[in-house]
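Q: Need the 3D shape of this:
(chains A and B, ligands or ions: 1)
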Amino acid sequence: MSTIRLRARRLDIRHGRIDLSHGAGGRATAQLIDEIFRSAFNNPILDQANDQATFDVPAGRMVMSTDGYVISPLFFPGGDIGSLAVHGTINDVAMAGARPLHLAASYIIEEGFPLADLQRIAASMGRAAAEAGVAIVTGDTKVVERGKGDGVFITTTGIGIVPPGLHLSAELARPGDAVILSGCIGDHGVAIMSKRANLGFDTEIRSDSAALHGLVADMVRTEGAALRLLRDPTRGGLAATLNEIAQHSNVGFLIDEASIKVREEVAAACELLGLDPLYVANEGKLVAIVAPEAADRLLAVMRAHTLGRDAAAIGTVVADEQHFVQMTTSFGGGRIVDWLSGEQLPRIC
Amino acid sequence: MKHIDEYRDGALARSLAAAIAREATSGRHYQFMEFCGGHTHAISRYGIEDLLPPNVQMVHGPGCPVCVLPIGRIDDAIRLAMRPQVTLCTYADLMRVPASGGHNLLRAKAAGADIRMVYSTLDAIRIAATELDREVVFFAVGFETTTPPTALAIRLARRKQLSNFSVICNHVLTPPAMRAMLGEPGGAHVRVDGFVGPAHVSTIIGTQPYAQFATEFTKPVVVAGFEPLDVVQAILMLVRQINEGRHEVENQYIRAVTADGNLIAQREIAEIFELRPSFEWRGLGELPMSALRLRDAYADLDAERRFEVATVAAADNPACECGDILRGLKKPADCKLFGTLCSPETPMGSCMVSAEGACAAHWTYGRFRDRARVAVTVTVADKAFA
Ligand code: SF4
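A: Predicted coordinates for the structure are as follows:
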């Protein structure tokens, strides 16, 4: 009797915690989905309450991308795992030049996780999705025993549609092309790491987590024909992104450190943490490779968008069979920006 | 960040570089050694070579603590760590240093040895204090800079009466290695017209210990910080000394270094450590009075004595040129293994492991120059040097 009465009640968000019944597929699961996720995501396709989402698609080329989010801490300055899971996957879809259509979200939640935190994450996802105009149309929840997870893991999958005639791909960079970076680097990684390391800075460093498809749409609409490829420099930072492109396109890069913007407080934190901002993750930046004659026009289009305000040309693609990313340091000398090898280890001398 | 940017300013760098180019008399060849791995790293990372005229060349020195540690000592550490009761604490840099027979500490750890990576000696003390059933051994490496923290750990262990803590001491000294650079009797040595002297080491020992190089060997020494402008300015100061026929110890790093150094740290070191009659350096061989061990009064905290460690000399991979590189006789690109079998992912020698190692620095920042370079030859000095 008492059990039935409990389930009939609404979830006690303030004090409640996830237990194994929330993942068992019974009423408790249904209630969790209803009260936390459906209300946060709020859209007609999800409301059909099927095990899958059904919708019409426009004709043309589709893009699909999936990504798992396991970030710790779950909440950080400038976002949380929920907004990140929305932005990250939207960006992966958008980097094909596509317009993102829908998202799916899957949760693995650890037993004992506070319902209040879950609701906060779901609300943040709902908000991020609504702001981006990309609905979360289907999802899944699983609960694992205490100790078998780390709070919550989220996987999001996105689909999108590529405008007709547009083809962006990692192997399309050609010698002479311009390299454009949409803004300051290092904000996301440093926001996370300084939170972890408990660095007491006066100014809080915020993650740059943002959905870039609006910026991409402007770029594609005006200079799509001249665009070769887009990439968002997430894990491994700008360095990894440029090295990947160099490899895939069989070219090299010549970049200019002085044109790469790093916020003063980010640079200071990197110094303290012994990191190089070139290797630090971003979640709201993109790198565009574009035909040289269109570079200035593309820059102007990007700068007109809030997320591209600080866009700058940072270098050029060069012929190089060894795929070196060469950089003129702001100090004046040359170096390469290699793949990161191992972790950046502390100094002993 | 203003503070740091001041020492990385491109415009200042260009004006210093212009001064060097103007003052380095053409027809004369200047060859300076940066002793420290920290300087090697800065030179590579900021591309300082590109700011120097062709007749001013830098030669990498042996001041990379991980690089000069002989393989036999890593073997000791692995053997110790394999003892079931031992927990070996070490800095992360050492984990991938190649030991005999293709081993390293990382593999020993995977094979079940209890090896913990620590960020400071205090982490090791904490482990000893909380895990009383473990024999916690701290593997101490480094030049004079890292010796005071080891001394502090020893003091703390004594005060807390931690009978399960000990140290295997590999601390080495800078001046004897600099002497070795200027010519061990009979051996080949690189021509060095002057030294860019250690930064952090000098905060401890001061500038006085370098006087011998100025007087006895007539080599100028300019102690410099690790920021790129520090290095470029030190090079200019060296060029000026040479041009003016001076050979003095000068201090570019006055914001951190004094003539006498840190007397409290020196006293602390002298209280706990004493000179070893001789110690083997990787690449440089046996150097007399070049390393420290624990004094008898601290014998109980000396892992070498507690576990009767008997170091067995072991040979490096015969193709690895680290020895000649550490003595300034060769450059990383001269090694056949560089970039083929040896890279930071699969290091064959410790110069490719440490960020301060010449091979790692060249791999990470400078290797694009190799294809354009007309084989750089390092001038070897005559037997009778100035
Ligand atoms: S490249 Fe590798 S093998 Fe060659 S000298 Fe350097 S560390 Fe030794």
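Q: CA atoms for contacts and neighbours, from now on please.
A: Noted.
Q: Can you name the residues that contact the residue most central in space within chain A?
A: Centroid check for chain A by CA atoms, centre = their mean gives A:G88 as the closest residue, at 2.5 Å. Residues in contact with A:G88 (CA atoms under 8 Å, 6 or more residues apart in numbering or on different chains) are A:67, A:209-211, A:283.
Q: from the residues you listed, which are also near chain B?
A: Checked against chain B using CA under 8 Å from any CA of the partner chain, the contacts of A:G88 yield no neighbours at all.
Q: Where does the prediction get shaky in the stretch 51-200 of chain A?
A: Within the stretch 51-200 of chain A, the segments meeting pLDDT under 70 span A:197-200.
Q: Which parts of it are strands?
A: For the stretch 51-200 of chain A, applying DSSP state E, counting those that start in this stretch gives strands covering A:61-69, A:75-76, A:79-80, A:99-110, A:135-144, A:152-162, A:178-181.
Q: Kindly report the same for the stretch 201-350 of chain B.
A: With DSSP E, counting those that start in this stretch as the criterion, the stretch 201-350 of chain B has strands at B:221-223, B:249-251, B:273-275, B:278-281, B:285-288, B:292-294.
Q: Spell out which parts of chain B neighbour chain A.
A: Near chain A, when you scan chain B using CA under 8 Å from any CA, you find B:1, B:8-11, B:13-14, B:38, B:44-51, B:64-65, B:91-93, B:119, B:142-143, B:145-146, B:200, B:228, B:344-345, B:364-368.
Q: Filter the residues you listed down to the buried ones and express that as a PyMOL selection.
A: A single PyMOL command selects the buried members of the residues of chain B next to chain A (16 or more other CA atoms under 10 Å in any protein chain shown):
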select buried, chain B and resi 8+10+13+14+38+44+45+46+47+48+49+50+51+64+65+91+92+93+119+142+143+145+146+200+228+344+364+365+366+367+368
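Q: count of neighbours near the closest residue to A:E171 other than its chain neighbours?
A: Sequence neighbours aside, A:S249 is the residue nearest to A:E171 in space, at 3.9 Å (criterion: CA to CA, 6 or more residues apart in numbering or on different chains). A:S249 has 20 neighbouring residues, counting by other CA atoms under 10 Å in any protein chain shown.
Q: With the one 3 residues further on instead?
A: Here the neighbour count serves as a burial measure; for A:G252 (other CA under 10 Å) it reads 25.
Q: so what's it up against?
A: Counting by CA under 8 Å, 6+ apart, A:G252 touches A:175, A:246, A:317-326.
Q: now do A:I108
A: Residues near A:I108 by CA under 8 Å, 6+ apart: A:141-144, A:149, A:152-154.
Q: Which SSE is immediately downstream of the worst-scoring helix or strand of chain B on mean pLDDT?
A: Lowest on mean pLDDT, DSSP states H and E among the helices and strands of chain B sits helix B:2-5, with a mean of 60. Going down the chain from helix B:2-5, the next helix or strand is helix B:10-23, by DSSP states H and E.
Q: helices and strands around that next one, which ones?
A: Packing contacts for helix B:10-23, counted by 3 or more CA pairs under 8 Å, 6 or more residues apart in numbering or on different chains; DSSP states H and E, involve helix B:228-243.
Q: for the helix it packs on, packing partners?
A: The criterion is 3+ CA pairs under 8 Å, 6+ apart, and the helices and strands that helix B:228-243 contacts are helix B:10-23, helix B:37-45, strand B:194-197, strand B:221-223.
Q: circling back: can you put the contacts of A:G88 in CSV and add neighbour count?
A: Shown next, in CSV, are these (neighbours: other CA atoms under 10 Å in any protein chain shown):
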residue, neighbour count
A:D67, 16
A:S209, 22
A:A210, 22
A:A211, 26
A:E283, 25
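Q: just those now: which is nearest A:Y107?
A: Comparing those against A:Y107 with CA to CA places A:D67 closest, at 12.1 Å.
Q: wait, doesn't that closest one sit right on A:T155?
A: Yes: at 5.6 Å, A:D67 counts as touching A:T155 under the criterion of CA atoms under 8 Å.
Q: how about the residues of the stretch 1-150 of chain A near chain B?
A: Residues of the stretch 1-150 of chain A lying close to chain B by CA under 8 Å from any CA: none are found.
Q: close enough to count as contact, B:K331 and B:C322?
A: No: if you go by CA under 8 Å, B:K331 and B:C322 don't touch, sitting 9.1 Å apart.
Q: Same drill for those two, tell me which one is more crowded.
A: B:C322 (30 against 21).
Q: quick one, what contacts the more buried one?
A: B:283, B:332, B:349-351.
Q: Show the residue spans covered by the helices in the stretch 151-300 of chain A.
A: Counting by DSSP state H, counting those that start in this stretch, the stretch 151-300 of chain A has helices at residues A:187-197, A:213-223, A:237-249, A:264-273, A:295-303.
Q: So the fourth one, near chain B or not?
A: Yes: contact between helix A:264-273 and chain B, assessed by CA under 8 Å from any CA, occurs at A:264-265, A:267-268.
Q: Switch the residues you listed over to CSV; also include neighbour count and pLDDT.
A: Shown next, in CSV, are the residues of helix A:264-273 next to chain B (neighbours: other CA atoms under 10 Å in any protein chain shown; pLDDT from 0 to 100):
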residue, neighbour count, pLDDT
A:E264, 12, 90
A:E265, 17, 90
A:A267, 22, 90
A:A268, 20, 87
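Q: B:V239 contacts B:Y30, doesn't it?
A: Yes: because the distance of 7.5 Å satisfies CA under 8 Å, B:V239 is recorded as touching B:Y30.
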